[in-house]
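this one's structure only:
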């Protein structure tokens, strides 16, 4: 069983890395200067994050959790590549989402680096 801290981090990551990425085009569509593929990046990364979190929750796969964390972090950083062309409100939204995703990753960190199966935690 995971601690309440890790579960809180997973919920934050699911909301800000998964659901908001899925709905990103509705909340704030990519600027006209962005390439056409930008419209698909959010939904794809949102699905990958949610699938990774689901596999971690139901199967205990630490690799799936790593995938969810990395995909979520990268998807939150991608809009900053075109920061000069982002409207101020969207830039604030991206910054807030990045901050909350960072908090989520910090909360999940114990599950990312916990002791491996078959090994005991060091004492003392």
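Sure thing, it's come through. Computed from a predicted model, the values in this text were never measured in an experiment.

was I right about residue 79 contacting residue 92?
No - assessed by CB atoms under 8 Å, residue 79 is found out of contact with residue 92, at 11.5 Å. (Each C-beta comes from the backbone N, C-alpha and C, glycine too.)

Of those two, which one has the most company?
Just comparing residue 79 and residue 92: by other CB atoms under 10 Å the higher neighbour count belongs to residue 79, 24 against 11.

Which residue comes closest to that one once chain neighbours are left out?
residue 94 (4.7 Å; CB to CB, 6 or more residues apart in numbering).

Report the contact partners of the one you found.
Contact partners of residue 94, counting by CB atoms under 8 Å, 6 or more residues apart in numbering, are 76, 79-80, 86.

Now it: which helix or strand?
Following DSSP states H and E, the helix or strand that holds residue 94 is helix 88-113.

Excluding chain neighbours, give the residue nearest to the residue nearest the centre of the chain in space.
In the chain, the centroid-proximal residue (CA atoms, centre = their mean) is residue 72; its distance is 2.7 Å. With sequence-adjacent residues excluded and distances taken as CB to CB, 6+ apart, residue 72 is closest to residue 17, at 3.0 Å.

what's the answer for residue 111, then?
What sits nearest to residue 111 in space, not counting adjacent residues and going by CB to CB, 6+ apart, is residue 6, at 4.8 Å.

quick one: buried residues of the helix or strand where residue 25 lies?
Using DSSP H and E, residue 25 falls within helix 24-27. When burial is assessed from 16 or more other CB atoms under 10 Å, helix 24-27 yields the following buried residues: residue 24.

Give me the helices and strands touching that helix, please.
helix 38-59 (3 or more CB pairs under 8 Å, 6 or more residues apart in numbering; DSSP states H and E).

by contact count, what packs against the helix it packs on?
Packing partners of helix 38-59 (3+ CB pairs under 8 Å, 6+ apart): helix 4-13, helix 20-22, helix 24-27, helix 62-77.
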